[in-house]
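Asker: Give me the fold of what follows.
(one chain, ligands or ions: 1)
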Amino acid sequence: MSAMEIPAGLADVPVTKSAISIIDGKRAMLSYRGIAVETLAKESSFEETAWLLLKGQLPTQRELADFHHELRQRRKVHYKLIDVIKNFPADGHPMDALQASIAALGMFYPARDVKNAASNWEATLRLIAAMPTVVTAFARLRKGDEPIEPHPDLDHAGNFYYMLFGREPSPSVRKVVDACLILHAEHNMNASTFTARVTGSSLANPYATIAAAIGSLSGPLHGGANEEVLEQLSEIGKAENAKAWMDAKKAADPSFKVMGMGHRVYKVKDPRATVLQELAEHVFAETTRPAMYEVALELEKICVPIYGPKGVYPNVDFFSGVVYSSLGIPTDIFTPVFAIARVAGWLAHWLEQLQGNRIYRPEQTYTGKTDVAYIPLEKRP
Ligand code: ACO
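Answerer: Down below sits the predicted model:
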């Protein structure tokens with residue numbers, strides 16, 4: 001294969017077979033194990049969706065009750081890990097803190113034998129259960145507040161909110177957080193999931209695998225976009241400024257990218273963005289309709305005629321930040337919320353990868369020099 005034939009970003013190149021989720025980018029469809037994500041966001045819970053992703057079918061009532069119980073048992077983390085988190089720089093990025101915490105978690109709860117199914121399931125439970133604990137611990141410790149112990153009576157979404165704010169969410173806020181987690185739980189072969197599969201293929205332990213995926217998610221072209229969307233909306237400030245802002249940005253750099261727009265696979269509006277928008281309307285009925293939402297709507301209106309012909313429409317992150325900020329979640333915690341959800345998908349892919357695993361070792365097309373003479377240091381200028 002010549003260099004010319006390698007699609008940039010491996011676009012359209014299948015890298016594995018998978019039975020976990022499917023996207024139809026032209027028809028705005030996403031399903032997990034065959035069930036439409038819109039249905040799951042409305043009818044399911046994060047825990048049930050995680051089980052579906054991991055096991056391939058919906059749990060029985062008994063399985064779901066046991067899964068809830070097993071997760072709750074593993075929400076607390078070793079006190080020494082909290083000490084480690086206490087020593088992170090307060091101005092460090094929460095995604096970096098999360099990545100380091102998850103790598104460290106693997107030293108407190110080792111699961112290095114990935115041929116052992118029981119150990120893999122134990123690590124799967126612990127990783128899902130502990131993500132909200134370490135995210136909220138850092139979010140609080142950096143402000144000088146003590147972490148809040150997990151609440152045994154709350155579900156995953158409610159407990160995350162509780163550990164972040166120290167108060168229980170209202171039922172509708174809990175539902176919105178839960179639905180956001182469901183919408184972000186899985187999205188087939190994106191950069192972070194591919195990272196998880198590549199890392200897992202070396203038989204690295206699950207904590208190292210998930211830490212690698214978190215690093216990939218942190219970039220602004222992937223999960224980090226939700227943070228940048230809010231910065232962009234703040235920069236615009238008011239809906240009536242959106243047109244002038246857009247004109248100025250395009251004039252300064254014709255290749256400039258609107259954050260929260262565009263997707264490698266969706267060439268229409270991301271179905272998750274549509275569901276999130278509906279959810280946003282529900283939250284705003286209880287809180288207030290934030291100015292940022294009006295700015296986002298206006299920006300979408302301006303962008304569609306410009307970028308629509310290229311298949312660039314709002315992706316999931318266009319509205320998620322507006323929803324999160326209306327709930328009071330700090331901007332730099334948006335991507336960690338994404339990770340709290342996506343760990344379910346990463347783990348489903350890791351477990352799938354381990355069945356009939358072969359280490360990823362692709363080829364490259366060498367474009368460098370050959371037969372270069374070594375010049376001794378003393379003869380070099
Ligand atoms: N704003 C303006 N133009 C865009 C945008 C955008 N956000 N996204 C793509 N385009 C344009 C490109 O410039 C390109 O134009 P051209 O054909 O004239 O050169 C065309 O649309 C095709 O885009 P690609 O660059 O091929 O898209 P690619 O699949 O490589 O990248 C990506 C997808 C990274 C998501 C891109 O759309 C982007 O940078 N978006 C902004 C960041 C973002 O929102 N990321 C979150 C993704 S969703 C997620 O991770 C959960």
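Asker: who's in contact with the closest residue to residue 229 other than its chain neighbours?
Answerer: Distances taken as CB to CB, 6 or more residues apart in numbering put residue 260 closest to residue 229, at 3.9 Å, once the chain neighbours are dropped. Just so you know, the C-beta spots here come from the backbone N, C-alpha and C atoms, and that holds for glycine as well. Listed by CB atoms under 8 Å, 6 or more residues apart in numbering, the contact set of residue 260 reads 225, 226, 228, 229, 232, 296, 314, 315, 317, 318, 319, 321.
Asker: Run through those residues and flag the ones next to the ligand.
Answerer: Contacts with the ligand within the contacts of residue 260, counted by CB under 6 Å from any ligand atom: 225, 315, 317.
Asker: check contacts around the closest residue to the ligand within the stretch 201-350 of the chain.
Answerer: Nearest residue of the stretch 201-350 of the chain to the ligand (CB to the nearest ligand atom) works out as residue 262 at 2.3 Å. Shown in contact with residue 262 (CB under 8 Å, 6+ apart): 307, 312, 313, 315.
Asker: Next step: the residues you listed restricted to helices.
Answerer: Among the contacts of residue 262, the residues falling in helices (DSSP state H) are residue 307.
Asker: Centre-most residue in the protein?
Answerer: Centroid-nearest residue in the chain: residue 338, 3.4 Å away (criterion: CA atoms, centre = their mean).
Asker: low pLDDT regions in the chain?
Answerer: By pLDDT under 70, the weakly predicted segments of the chain are 1-4.
Asker: Which element is encountered next along the chain beyond the helix or strand hosting residue 160?
Answerer: For residue 160, the host element (DSSP states H and E) is helix 156-165. Once the chain leaves helix 156-165, the next helix or strand it forms, by DSSP H and E, is helix 171-183.
Asker: Report all helices and strands that that next one contacts.
Answerer: On a contact count with 3 or more CB pairs under 8 Å, 6 or more residues apart in numbering; DSSP states H and E, helix 171-183 meets helix 37-43, helix 46-55, helix 156-165, helix 271-286, helix 317-326, helix 334-354.
Asker: List the contacts of residue 203.
Answerer: Residues in contact with residue 203 (CB under 8 Å, 6+ apart) are 114, 357, 359.
Asker: hmm, try it at 7 Å
Answerer: Residue 203 is in contact with residue 114, counting by CB atoms under 7 Å, 6 or more residues apart in numbering.
Asker: Can you list the buried residues in the longest helix seen in the chain?
Answerer: Secondary structure of the chain per DSSP H: the longest helix is helix 117-141. By 16 or more other CB atoms under 10 Å, the buried positions in helix 117-141 come out as 119-120, 122-141.
Asker: which helices and strands sit right next to that helix?
Answerer: helix 61-73, helix 79-86, helix 94-108, helix 156-165, helix 206-217, helix 334-354 (3 or more CB pairs under 7 Å, 6 or more residues apart in numbering; DSSP states H and E).
Asker: can you redo those as JSON lines with distance to residue 280?
Answerer: As requested, those are arranged in JSON lines below (distance: least, CB to CB, whole Å):
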{"stretch": "helix 61-73", "distance to residue 280": "27"}
{"stretch": "helix 79-86", "distance to residue 280": "31"}
{"stretch": "helix 94-108", "distance to residue 280": "23"}
{"stretch": "helix 156-165", "distance to residue 280": "16"}
{"stretch": "helix 206-217", "distance to residue 280": "22"}
{"stretch": "helix 334-354", "distance to residue 280": "14"}
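Asker: would you turn those into TSV with distance to the ligand?
Answerer: Formatted as TSV, these follow (distance: least, CB to the nearest ligand atom, whole Å):
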stretch	distance to the ligand
helix 61-73	24
helix 79-86	26
helix 94-108	13
helix 156-165	19
helix 206-217	8
helix 334-354	7
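Asker: Can you pull the residues of the chain lying near the ligand?
Answerer: Residues of the chain lying close to the ligand by CB under 6 Å from any ligand atom are 9, 221-223, 225, 255, 257-264, 307, 310, 312, 315-317.
Asker: Please name the nearest non-neighbouring residue to residue 330.
Answerer: residue 139 (6.8 Å).
Asker: Over to residue 44?
Answerer: Going by CB to CB, 6+ apart, residue 44 has residue 182 as its nearest residue, at 6.1 Å.
Asker: Residue 11 too?
Answerer: Leaving aside its sequence neighbours, residue 11 sits nearest to residue 264 (CB to CB, 6+ apart; 6.4 Å).
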